[in-house]
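Asker: I'd like to go over a predicted model; first the sequence, then the structure.
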Amino acid sequence: MQTSKVAIVIVTWNKKAFVLELLDSLQHLNYPNHDVIVVDNCSTDQTIDAILEHFPDTIIINNPENTGGAGGFNKGLQFAQDNEYPYCWLLDNDVIVDKDALMYLVDTLDHTPDASICGSQILINGSEIIQECGGNINWRKSNVILNKHGQIRVIEPSPDTILEVDYCAACSMLVRMSDVNKYGKIDPDMFIFWDDIEWSTRIKSYGKQVLCNPNSVVWHHFNGYKPSTAWRVYYRIRNKFYFFNKYSKSKNTLPLLLNIYEELSVLYKHLHIYDFAFAVDSAIFDFKNNIRGKWQMQNISPQVSFISEIDTIPLNNYFVIYDHAYGSLNSNSFQENTTHNVISNQLTLTTLVQTLFRLTFQPSIAVGNQLNLFMLFSNFAILLVEEGTRIIQNNKAKNLLFISYRLGVFVWKRLIAK
C-alpha cells in the first residue's frame, strides 16, 4: 500500500477558472495521502478568494510578486523541503488530472530508486491526442522532440510502457525531494520556459534517471495551440540560448542559433510585426549581456496597429494552410469555397514543396500562432495573437526576393564564422 505523503504544488497567475477546474479534479484522486499547495504569483483576479471559498483545505502561499513558473515552483518546493515531504508533484494551473495519475507516478518512483523525476502522459485538453510523453533533446538541431506528440492515446494501462526520457514537463512532474535537496531546485532566473528542461538535464548529469509513465494521465490546455505573445517569444528564445550555451558540447551551436534568430528578427520587421521583433532583439541582447530573470524591457515593447477582422479578406476560393488544428477557426472562418489543410507534425520534404507551390500559385491563406515559412508565400498571413488575429497582406514576389537576399546574408555569416 502506498503511504508516501505528497505535496501537490500548483503555481497560478490570473487563471482563476483554470485553477478551480484543476482543484476540482484533484478531489477525485485515488491517492488520499497528499496536501495541495497553491502558490499565487500576485494574481489580480480574486483567485485566492475563490480557492478558499470552494476548496478551503488548500494551503495558500502568497507570492508578493510574479516570479514566473520557476520562482513559483521553487516556493512550493521550499515548502515541501521545510515540511519533509518525500515527494512533490508539480502541476501547471491549466491541467485536469486523471484520478489515478498520482498513484502511478508515486508507484514508479517508489520502485525506481535511481530515478529522480517521473512525468505523466499529457493529453491535449478535451481529446485523446497526446501532447507529449516526456521529451528528448536533439542536440544536432538544437531543439526538443515531444515524445508521441500528435498520436492517439493507448488507454490500456501497462507496466512495460515506462519511458526513460531527457526531460519531463513541469506540467505534471513528480520529483523525489531527497534528490532536490542534493541537486538543487529549478533555476529561478529562467522565469518561464525551458526551466523544466534545464532542471531535468542538470539532475540527469548526476547520473539520475528521468522517467515518464504513460499510465499517469493529465489533460492540458496546450500552449503550442495558444495565441502567441511577445513575452512568450522573448522567454523561449533567451532561455533556449542559455540552455544550449550551458549544455551543448558543440562550439558551433550557439553562433548558429544566434544567426538564425537574428534573421527571424529581420523577417518580423519585414512583415511589420515590430513587437515580436523587439522581443527577439531583447532576447539576443539580454543573453549576450547575461541579463536573466524577468524581462526588464517588456513594458516598453512597441505597440503595433494591425488589421484583425477576417471578413476584410476579399472573397476568393482560397487554399488555407494551418500549422495546427485551431478549433473553430478552420471550420467556421473564411468563405465556403475554401480548401482547409492542417500541416502534419511529420512534414516531408515532398509535402513541403507541394504546399509551397500551391500557396505561391493560387489564392492562399496561411494561419499560425508563430511565424512560419507558409506565411511568407501566401496572399494573406494570419498570426494568432493574444489580442485576436493579425492579418498581413503579402506581396509574394517581394517576399521571395527578400528571403533570397536574407538567405544569402545568412550563408555569408556562416562562412565568415568558419
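Answerer: Sure thing, it's come through. Numbers count the residues shown, from 1 in each chain.

Asker: now do the SS call for residue 367.
Answerer: strand (DSSP: H, G, I helix; E, B strand; the rest coil).

Asker: so what pLDDT did it get?
Answerer: pLDDT, residue 367: 88.

Asker: okay, and the beta partners of it?
Answerer: Beta-bridge partners for residue 367, by DSSP bridges, are residue 322, residue 382.

Asker: wait, isn't it in contact with residue 319?
Answerer: No: applying C-beta atoms under 8 Å, one finds residue 367 not in contact with residue 319, separated by 11.6 Å. No exception for glycine: its C-beta is placed from N, CA and C like everyone else's.

Asker: quick one, which of these two is more surrounded?
Answerer: Applying other C-beta atoms under 10 Å to residue 367 and residue 319 shows that residue 367 carries more neighbours, namely 27 against 20.

Asker: outside of stretch 191-203 itself, list whatever touches it.
Answerer: Stretch 191-203 is contacted from outside by 67-71, 73, 116-117, 135, 137, 144, 165-170, 173, 179, 183-187, 190, 210, 232, 235-236, 239-240, 242-243, 246-247, 292-295, using C-beta atoms under 8 Å, 6 or more residues apart in numbering.

Asker: swap in stretch 103-115?
Answerer: By C-beta under 8 Å, 6+ apart, stretch 103-115 touches 2, 4, 6, 29-31, 87, 89, 118-120, 157, 162, 172, 174, 176, 207-211, 213, 215-216.

Asker: please flag which of those sit within strands.
Answerer: 6, 87, 89, 118-120, 172, 174, 176, 209-211, 213, 215-216 (DSSP state E).

Asker: list buried residues within the contacts of stretch 103-115.
Answerer: The neighbour-count criterion (16 or more other C-beta atoms under 10 Å) marks 4, 6, 29, 31, 87, 89, 118-120, 162, 172, 174, 176, 208-211, 213, 215-216 among those as buried.

Asker: nearest to residue 382 among the ones in strands among the contacts of stretch 103-115?
Answerer: Using C-beta to C-beta, residue 172 is the member of the ones in strands among the contacts of stretch 103-115 that lies nearest residue 382, at 31.8 Å.

Asker: contacts only, for the closest one.
Answerer: 89-92, 95, 97, 101, 105, 119-120, 122, 216, 218, 220 are the contacts of residue 172 under C-beta under 8 Å, 6+ apart.

Asker: save the residues you listed as CSV, and put in distance to residue 310 and pLDDT too.
Answerer: Listed next are the contacts of residue 172 as CSV, based on distance: C-beta to C-beta, whole Å; pLDDT from 0 to 100:
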residue, distance to residue 310, pLDDT
89, 41, 99
90, 38, 99
91, 36, 98
92, 30, 96
95, 31, 97
97, 36, 98
101, 39, 98
105, 43, 98
119, 38, 98
120, 37, 98
122, 31, 96
216, 40, 96
218, 33, 98
220, 27, 94
